[in-house]
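Q: Have a look; sequence and predicted model below, questions after that.
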Amino acid sequence: MAPTEVPQRIELTPANIPDAEKLSIEAGWNQTAADWAVFIKYGKVFGLLTQDRLVATAAVLPYGEEFGWISMVIVTAAWRLRGLARRLTGDCIENLRSAGRAALLDATQDGAAVYAALGFAPLCTMQRWTGTGRGNAPVPRHDEPARLDAEAFGADRGFLLGNFLSRPGAAAVTRPGGFALLRPGRLATQIGPIVAPDADRARDLLDAAIDAASGPVIVDILQQGATLAPRLEAAGFAHRRSFLRMALGRDRLPGVPARLLAAAGPEFG
Ligand SMILES: CC(C)(COP(=O)(O)OP(=O)(O)OC[C@H]1O[C@@H](n2cnc3c(N)ncnc32)[C@H](O)[C@@H]1OP(=O)(O)O)[C@@H](O)C(=O)NCCC(=O)NCCS
């Protein structure tokens, strides 16, 4: 039977994280409680709550003055196709727009329909590859390469990279002019962002990151990182799914896209 209750709109606090995790687990996603905590601490998470449970979420994370990232748009199966995602994404857009920021996001196939109807336009594609780390190179921890990331991504995400690197099992591999980050997720280690000055350095960083990772690995390769595909295949990785990087309020990617080969993940850009 279709639900009839009108859910209450809330802004999530750390106390809601266990319920939010139930939604990201239902969606089969890789985020952890630490990821939800980032959105709550540095941005906002809007939610819709029934008497029983949290049924929908959407998160917004400002990156500098020009734009912000929308993610974690999840509606539990029984509540889909009732306008909940459109409503919460609209709240995120308004949050950014009121501060003069454009909105960017990485859409799943299902999400792209919701965002296109709200006026988002595609900027580039992103391909998710999965495989297994070689687990044979213990990695020293470095200071997070926030400056290189800011140039490539187009906004200072130092707070985010610092947060990643403070987590148990996280690491960075660095080369002149580039770096790759690794952080454990719920299901797999995410390699990304990968920032590199050229294709050779990017392949080298990818190899070093796969060496350093153990167990299941995810890497989200942006369109401009397509030269990494043969290296991923050679390492036994397979292409699993595609995302669409979309924007509302700007018509091009920020930063220096040629240097950002892999994303931090669809939830962080
Ligand atoms: C994608 C998702 C968030 C949509 O939530 P929802 O509450 O059902 O979406 P809405 O009811 O607000 O739909 C808004 C519009 O998108 C359309 N839409 C929603 N889901 C769709 C789908 N799977 N395929 C095609 N169109 C879809 C709706 O028909 C509606 O169009 P309309 O304005 O013409 O009526 C939900 O299916 C979900 O949680 N999926 C799993 C997680 C996910 O992929 N999230 C997106 C991350 S980018």
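A: Nice, I can see it.
Q: Am I right that Leu165 is in contact with Ala172?
A: Yes - at 6.4 Å, Leu165 counts as touching Ala172 under the criterion of Cβ atoms under 8 Å. The C-beta positions use only the backbone N, C-alpha and C, and glycine is treated the same way.
Q: show me what contacts the residue in the chain that the ligand sits nearest to?
A: The ligand sits closest to Gly111 of the chain, with a gap of 2.7 Å, by Cβ to the nearest ligand atom. By Cβ atoms under 8 Å, 6 or more residues apart in numbering, the contact list for Gly111 reads Val73, Ala85, Leu105.
Q: what's the answer for Ser214, then?
A: Counting by Cβ under 8 Å, 6+ apart, Ser214 touches Gly133, Gly135, Thr189.
Q: For the last one, list the residues it contacts.
A: Each residue near Thr189 by Cβ under 8 Å, 6+ apart is listed here: Gly133, Gly169, Leu182, Arg183, Ala213, Ser214, Gly215, Pro216, Val217, Ile218.
Q: which parts of the stretch 51-200 of the chain sit against the ligand?
A: Those residues of the stretch 51-200 of the chain that sit near the ligand, judged by Cβ under 6 Å from any ligand atom, are 73-75, 80-86, 107-108, 110-111, 113-114, 117.
Q: what about 5 Å?
A: 73-75, 80-81, 83-86, 107-108, 110-111, 113-114, 117 (Cβ under 5 Å from any ligand atom).
Q: re the thing from before, looking at Leu165 and Ala172, which has the bigger crowd around it?
A: Neighbour count, other Cβ atoms under 10 Å: between Leu165 and Ala172, Ala172 has more, with 22 against 18.
Q: does the more buried one sit in a helix or strand, and which one?
A: strand 171-175 (DSSP states H and E).
Q: helices and strands around that strand, which ones?
A: If you count contacts as 3 or more Cβ pairs under 8 Å, 6 or more residues apart in numbering; DSSP states H and E, strand 171-175 packs onto strand 178-184, helix 199-212.
Q: In strands, which of the residues of the stretch 51-200 of the chain next to the ligand fall?
A: Val73, Ile74, Val75, Ala107 (DSSP state E).
Q: isn't the last one right up against Ser242?
A: No - the pair Ala107 and Ser242 fails to qualify as a contact (Cβ under 8 Å) at a distance of 9.7 Å.
Q: Show me which of those two is the more surrounded one.
A: More crowded of Ala107 and Ser242, by other Cβ under 10 Å: Ala107, with 23 against 14.
Q: Ignoring the adjacent residues along the chain, who's closest to that one?
A: Leu244 (4.7 Å; Cβ to Cβ, 6 or more residues apart in numbering).
Q: pLDDT at Asn136, what is it?
A: pLDDT for Asn136: 84.
Q: Tell me where the model's unsure across the chain.
A: Residue ranges of the chain with pLDDT under 70: 1-2, 137-144.
Q: Domains in it, by residue range?
A: 8-121, 126-262 (automatic domain parsing).
Q: mind checking the end-to-end distance for the shortest one?
A: Going back to what we said before, that points to domain 8-121. Across domain 8-121, the terminal residues are separated by 30 Å (Cα to Cα, to the nearest Å).
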